[in-house]
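>>> What would the 3D arrangement of this be:
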Amino acid sequence: MKDLMQIVEFKPDLYEIKNLNQIKEYAEKTANKYKGIVVASEETYQTAKKQRAEVKKLREEVETARKKVKNDKLKELEDFEKDMKSISSIYNEAWEELENNIKDFEARERQEKEDLIQVLISNHGEGFEIEHNPKWTNRTFSEEQIAEEIKHQVQDIKEKIEKRKQELKVIEQAVLASGLEDTAGWITMYDRGIDSQEILQRIFKAGEDKKSLAAQKENKIQEENINTNLYNQDLEIKNIKDEEPQEKIVEDIIKIRGTIKQFNNLNEYLVSTGMKVERYYPEKN
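So this is what the prediction gives:
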C-alpha cells in the first residue's frame, strides 16, 4: 500500500506576484495621499468623491485577481478530493463487510460470556444476589477472574449480614434496657440506612424521656393521693362531729327556795344553756 500510494502526488501550483514590493509601495503611497483630506466645501467634496472612486477601482482590481486565483485553486482541490473519495469508496464496501462480520462474532462471543457468567454465579454465588460487573464480558477478563470477583462479593455480603445481625442485637438490647417496647420502628430506621450509633443515641434519649414522663405522672398521682387523703381526713373529722350522740333529755321537778332576784338569775342561766324551764302547778285533789 505504501508503494502504491507513492504514485498519488498532488503538487499545487505555486503562485507568484510579480513586482510585489513595487506594487505594495505604490499602494501605500496612493493610500497615504488620500488620507487626512478634510471635506469642508463643495470643491473639496467633489474632489474627495473622485479620489474615493479611484481608490475603489484600485482595490477592486486587487480583489478580482485574488478571487480568480483562489477559485482556480479550489477547483483543482475539489477535483482531487472527488478522485480520492471514489477510491476510498471502493475500500468502504470491504470495510463494512468486515466490520459487520466482526461485530456479529463479538456479539456471539459476548452472549457466550453472559451464559458463562450466569453459570459461575450459580456455582459460586451461594444464592445471593450478585452485582454484574460490565467488565466481565470483555475478552480480556478470564473465567478465573470472574469467579474470584463473585466469591469476593459473596464474602462481602456475608460480612454485611453478620454486621447487621450484631448491630440489630445491640439495638434490641438497648430498647429493652431503656424501658421501651417497640423494636420494629428502630429496625426500620436501621434498614433505611441510618447509622447504628445514631439510632442508639435516639433510643437512650427516648428511654430517658419515657422515665422522665413516668416520674412526672407518679409525682402527680402522689400529689393527688395526698390531697385525697387530706380531704378524706377532713371529711372523717366532720362526720365524727356530726355523728356525736345527743344527750338524753330528762325531765325532773325540784323545789327551790330563794329571792326573786335569785330566781331571775337562775332562770337566765338555765335558758342560756338551752334548758327548758316551766312553772309547775301541782294538781289539787
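
>>> Show me where this structure dips below the pLDDT cut-off.
Scanning the chain for pLDDT under 70 picks out 1-17, 225-247, 250, 277, 279-285.

>>> mind listing the helices in it by residue range?
Counting by DSSP state H, the chain has helices at residues 2-5, 20-34, 42-124, 143-177, 184-191, 196-242, 260-272.

>>> To I249, which of those lies closest?
helix 260-272 (13.9 Å; CB to CB). (Glycine included, C-beta is placed from N, CA and C.)

>>> next one: that closest one to chain centre, how far?
Relative to its parent chain, helix 260-272 has a centroid offset of 102 Å by CA atoms, centre = their mean, to the nearest Å.

>>> CA atoms only: put that helix into PDB for me.
This file holds the C-alpha atoms of helix 260-272, laid out as PDB (Å, rounded to 0.1, in the frame of the first residue of the first chain):
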ATOM      1  CA  ILE A 260     -87.000  36.900 143.400                       C
ATOM      2  CA  LYS A 261     -83.600  38.100 142.100                       C
ATOM      3  CA  GLN A 262     -82.000  34.800 142.600                       C
ATOM      4  CA  PHE A 263     -84.900  33.100 140.800                       C
ATOM      5  CA  ASN A 264     -84.500  35.600 137.900                       C
ATOM      6  CA  ASN A 265     -80.700  34.900 137.600                       C
ATOM      7  CA  LEU A 266     -81.200  31.200 137.800                       C
ATOM      8  CA  ASN A 267     -83.800  31.300 135.100                       C
ATOM      9  CA  GLU A 268     -81.500  33.300 132.800                       C
ATOM     10  CA  TYR A 269     -78.700  30.800 133.300                       C
ATOM     11  CA  LEU A 270     -80.900  27.800 132.600                       C
ATOM     12  CA  VAL A 271     -82.300  29.400 129.400                       C
ATOM     13  CA  SER A 272     -78.800  30.300 128.300                       C
END
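
>>> Right, I'll leave it there.
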